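Enquirer: prediction below, plus the sequence it came from.
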Amino acid sequence: MIPNTNKLSTKSIISCFAIIISLLLGIGSAPENFFAPNSVTAENQPTIQYTMDNSAVPETDKEAENHVSNSDKAKSSTDLENYANDSKAEDSTKNIKSAPAKTGSDNSSNDINLKLDTSSLEDNNPSKKIIVVFKDKVDKKAIEQSNATINCEYTSIPAVSITINPSKIKDLEKNSNIASIENDQIVQVSSQTESWGISTTNAPKAWESNYTGKGVKIAVIDTGIANHEDLNISGGVSFVQGVTSYADDFGHGTHVAGIIGAKNNTVGTIGMAYEASLYAVKVLDKTGEGSLANVAKGIDWAIKNKMDIVNMSLGDTTTSPVLKSMVDTAYNKGILIVAAAGNSGTSDGTEDTVNFPARYSSVISVAAVDKKSKRASFSSTGTTVEVAAPGVDIVSTYLNNTYATMSGTSMACPYVAGDLALLKQAYPDLSNTELRQKLQESVIDLGSSGKDTWYGYGLIQAPVKDITEPSLKQTSTFISTDSDTYFNYENIRFQTTVRDGNNKIISDADVKFIIIAPNGEKMYYNGQTDSNGIYVCTFNNVLKTKGTYQVIAKSSHDGYENSSATMALQIKNVAGSTGNITSKILTLFGLVSP
């Protein structure tokens, strides 16, 4: 017999009346499954509000981490720097709103405060990864009180990445020292992009002039270079004990190499001189450290293998006779040496904090600027700073065929190496000293007028081909010495080169030397250029007074316009101590942003 399901038992009817009466009187609650299990009210529906001031769109992959999807996986984008512009992004766990923010760090280029609206965060989500930016310094006690775990602490700005229960985020929002709270996620480069430093240094215009660094050999003396789809490695060597491969196992050297020469293809980033020949000279190990002896071997290898340019994004605070001798020898052999000034700059930038080898006169010392062409707060300062280049939030190649954002004078240094490769291709007949002078002249003057201790001569600018043919009557005069500092007992050798408007040498040009002593007295010397367009003048124990001498070389020739060049020279009374030759640990000037 089939039971009649339309009939209710007396017990069922009594139970229903009991539940209804208890609800009406407010003394009971409905059973857990009393209402339809799939019903959802409008209040339960997750929503998102996404507003952003377009003037403050995040410009790097790290800043793009403010935006996530419900699955916590980055949405694909054809342009990394426009990733944050996706106004259709959806997030079922939070509302994101923008508001003005000030982090207190001049390295931050984000002018907005992306703050989590925790009203829709559910307690059943056990943990959340967020980035907390403080106005002053990191308040670890506040993090601990929220029962959060610190994943990493940043060095350039007062910020931490933490894992926290979403219900505890409200406690952090009450902290007056917190500038912003941002959601964390993974962002990947999905198509070729240009790091902001490329346009800032005028590299695209140089490429239009067919200057790509082709045929120029650059040795990257660093942690090696890893195999990467966006890099061509022409060769290399390892001087790290027990390591035969020059492959990078730390990441720093690969990042530096990408800034110089990442390929011009359809993926990743693009380097300053994307057709230059990169050579990996591994002198630093998997911890980013190495001995002075290894660095000296690396420079020696570059000399023997006839490198055109050497990039050294490393240094030490102590001088070394061996290191100085090596870089001086390389420079005298015609190699351009570029080194990071260091990341030990003071907040007011008044101290001389440039490290070695960047401090040596044979080395081009590079300082770092941010996206606004302002000195990076960490950038070392001093009289030996020669030029400045982009060094904050630089996207480049990294380990495991990936890309990373890094900051430091380590990143500024390869921009200059790449620029020199473009200059060498543009002016193949110029010597290394003449190319160095071209580098100094092809800048945007920043800070105080002329050469200063923050930016040197200024922000580097890549060469552009002049569409007008120069007149053959134009001339250029170049002057150089073995050093810019001498002791009063030393012989001083000046070399002057004279070229026409097409960079061809001019022989038999009249050269007039004028040396102005610290007390204003002037000395005059005359001569003529030889068949190589060179005139050499040597002084034996002539400049005896301590101080700064101004040296002027003026050239003239029938049928050509006159030209001149100037330089400054320091004379010291007594020799300083050279110190002991010891093996030192070199510290990298690159800061990895996780």
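Expert: Noted; the coordinates are in hand. Numbers count the residues shown, from 1 in each chain.
Enquirer: can you show me the strands along the stretch 351-500 of the chain?
Expert: For the stretch 351-500 of the chain, the strands defined by DSSP state E, counting those that start in this stretch cover 363-369, 385-390, 394-398, 402-407, 443-444, 459-460, 475-481, 485-487, 491-500.
Enquirer: how many other residues sit next to the spatially closest residue to residue 340 that is not a sequence neighbour?
Expert: Among residues not flanking residue 340 along the chain, residue 409 sits closest, at 3.8 Å (Cβ to Cβ, 6 or more residues apart in numbering). C-betas here are computed from N, CA, C, even on glycine. Counted with other Cβ atoms under 10 Å, residues neighbouring residue 409 total 33.
Enquirer: just checking, residue 409 touches residue 377?
Expert: No - between residue 409 and residue 377 there is no contact under Cβ atoms under 8 Å: 11.9 Å.
Enquirer: poorly predicted segments of the chain, please.
Expert: Applying pLDDT under 70 to the chain flags residues 1-125, 185-191, 467-472, 574-594.
Enquirer: any chance you could map the helices in it?
Expert: For the chain, applying DSSP state H gives helices covering 10-25, 140-145, 169-173, 196-200, 203-208, 252-261, 292-304, 321-332, 409-426, 432-441.
Enquirer: out of those helices, deepest packed?
Expert: Highest mean neighbour count of the helices of the chain: helix 252-261, a mean of 32 (counted as mean count of other Cβ atoms under 10 Å).
Enquirer: packing partners of that one?
Expert: Judged by 3 or more Cβ pairs under 8 Å, 6 or more residues apart in numbering; DSSP states H and E, helix 252-261 is in contact with strand 217-222, strand 277-282, strand 394-398, strand 402-407, helix 409-426.
Enquirer: kindly recompute the last result at 6 Å.
Expert: Here helix 252-261 touches strand 217-222, strand 394-398, helix 409-426, going by 3 or more Cβ pairs under 6 Å, 6 or more residues apart in numbering; DSSP states H and E.
Enquirer: for it, which outside residues touch it?
Expert: Contact with helix 252-261 is made by 220, 222-226, 231, 248, 271, 273-274, 276, 278, 288, 313, 396-398, 406, 414, 417-418, 588, 590, as judged by Cβ atoms under 6 Å, 6 or more residues apart in numbering.
Enquirer: filter the residues you listed down to the buried ones.
Expert: Applying 16 or more other Cβ atoms under 10 Å to those, the neighbour count classes 220, 222-226, 231, 248, 271, 273-274, 276, 278, 288, 313, 396-398, 406, 414, 417-418, 588, 590 as buried.
Enquirer: the helices of the chain: which one's closest to residue 244?
Expert: Minimum separation from residue 244 across the helices of the chain (Cβ to Cβ) falls at helix 292-304, 14.0 Å.
Enquirer: ok, residues contacting that closest one?
Expert: Residues outside helix 292-304 that contact it (Cβ under 6 Å, 6+ apart): 219, 221, 237, 239, 281, 283, 310, 320, 322, 326, 330, 333, 583-584.
Enquirer: equivalent analysis for stretch 423-434, please.
Expert: Contacts of stretch 423-434 (Cβ under 6 Å, 6+ apart): 211, 216, 334, 336, 435, 438, 463, 478, 480, 503.
Enquirer: what sits against the closest residue to the first one other than its chain neighbours?
Expert: Nearest in space to residue 211, with sequence neighbours left out and distances taken as Cβ to Cβ, 6+ apart, is residue 422 at 4.4 Å. Residues counted as contacts of residue 422 (Cβ under 6 Å, 6+ apart) are 206, 211, 213, 273, 462-463.
Enquirer: and residue 567, how far from residue 481?
Expert: Using Cβ to Cβ, to the nearest Å, residue 567 is found at 7 Å from residue 481.
Enquirer: and what of residue 252?
Expert: Applying Cβ to Cβ to residue 252 and residue 481 gives a distance of 34 Å.
Enquirer: report how many residues lie close to residue 544.
Expert: Neighbourhood size, residue 544 [other Cβ under 10 Å]: 10.
Enquirer: need the nearest residue in space to it, chain neighbours excluded.
Expert: Nearest residue to residue 544, sequence neighbours excluded (Cβ to Cβ, 6+ apart): residue 488, at 4.7 Å.
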